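Student: Here's a sequence, model it:
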Amino acid sequence: MTVRDRGMTAGLGKSRALRRLLIAVCAAVLGAGLLVALGGPFIADRVHGGPDRTLGASYLPSSAHDPLGTDYLGRDVAARVLAGGATIVVIPLIAVILAEAVGVLAGIWFAQTRRSERLTRYLLDVVLVVPPAVSLLVVLTASGTNPLGLILLVLMISLPFVSRYAQALATPLVSSGFVAAAQARGDSTARVMVCEILPNLIVPVAADLGTRFVGAVYLVATASFLGAATLDGTANWASMVQQNAAGLALNPWSVAAPAAMIAVITIPANILADIYLERRR
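Tutor: Have a look, this model is predicted:
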């Protein structure tokens, strides 16, 4: 091996080590953010006395007893940050899981049967013509703070993309030997879809789910910033940013802390999805 070859090998090994480190750091940060989002409400109730407990005047700075100070109503920012992540995580997660489940099965069906594909595809593509912001405003007007409306909105926006992606993945598999063997055995279309084609799509669909989740988080955060998407009337991270923006100079933590938590959820997920897609190329 020449000196140049040894240098290239060492550089490749260092690049792989840095990538593994980046993956580990992003996974740890994302895991911590999800842990705070899902387990934070229990901690807020038991340690901080609940997210609605008033500590004093508005926008008090951080102190030893109140590490993040108070918000615009004098409530504990730390408690509200702990309690405010469930909506930002739960609603997008439910929505993208439903979108992936329905969209993947629809895409496999389109690839395998071709029955009524054109009509169904036209009906799904109608959604693509409407800008997401318009759909969001319509849903907020119709459902207000009902989380079901946002779940349906994310499902409606994601379904055409997911079904197209799944159809593109499944089309080469339809003509493969193992599918032909299953059809020769007399397996039904549904059995071939679930037992033969679907297992080969799990890995790319899981990566797509991560990307859709990030987009759904942004959408729900936008809705929350506009004053919706609260499960029980309490604030979430996005609405905290909107409500406390006026007091940014007095207590920057009232805005920075919830904004940072949204970043903790979305940025590592984006990086991990990009790394996976780069490996797939």
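
Student: How about residue 165, nearest residue that isn't a chain neighbour?
Tutor: residue 208 (5.9 Å; CB to CB, 6 or more residues apart in numbering). All C-beta spots, glycine's among them, are computed from the backbone N, C-alpha and C.

Student: and the one you found, what helix or strand is that in?
Tutor: helix 202-225 (DSSP states H and E).

Student: now do residue 181
Tutor: With DSSP H and E as the criterion, residue 181 is inside helix 177-184.

Student: Name the surrounding residues that touch that helix.
Tutor: Contacts to helix 177-184, defined as CB atoms under 8 Å, 6 or more residues apart in numbering, come from residues 173, 191, 192, 195, 196, 197.

Student: what's the spacing between the following helix or strand past it and its chain's center?
Tutor: Next helix or strand after helix 177-184 toward the C-terminus (DSSP H and E): helix 189-191. In terms of CA atoms, centre = their mean, to the nearest Å, the centre of helix 189-191 is found 30 Å from the chain centre.

Student: coming back round to it: mind listing what's buried in the next helix or strand after the helix holding residue 208?
Tutor: Moving toward the C-terminus from helix 202-225, the next helix or strand (DSSP H and E) is helix 237-244. By 16 or more other CB atoms under 10 Å, the buried positions in helix 237-244 come out as 237, 238, 239, 240, 241, 243, 244.

Student: which ones are touching the first one?
Tutor: Meaning residue 237. 81, 84, 85, 88, 221, 224, 258, 259, 261, 262.

Student: Find the helix or strand that the last one is a member of.
Tutor: Taking DSSP H and E as the definition, residue 262 sits inside helix 253-280.

Student: Tell me where the stretch 1-150 of the chain has helices.
Tutor: Listed in chain order, the helices of the stretch 1-150 of the chain (DSSP state H, counting those that start in this stretch) span 3-47, 77-83, 86-113, 117-129, 132-143, 147-174.

Student: ok, so of the buried residues of helix 237-244, who is nearest residue 56?
Tutor: Using CB to CB, residue 244 is the member of these that lies nearest residue 56, at 15.4 Å.

Student: Leaving aside the residues adjacent along the chain, what's closest to the closest one?
Tutor: Nearest to residue 244 is residue 254, by CB to CB, 6+ apart, at 3.8 Å.

Student: and the one you found, how many neighbours does it have?
Tutor: Residues near residue 254, counting by other CB atoms under 10 Å, number 31.

Student: can you check residue 267 too?
Tutor: Using other CB under 10 Å, residue 267 has 15 other residues around it.

Student: what does the model give it for pLDDT?
Tutor: Model confidence at residue 267, given as pLDDT, is 89.
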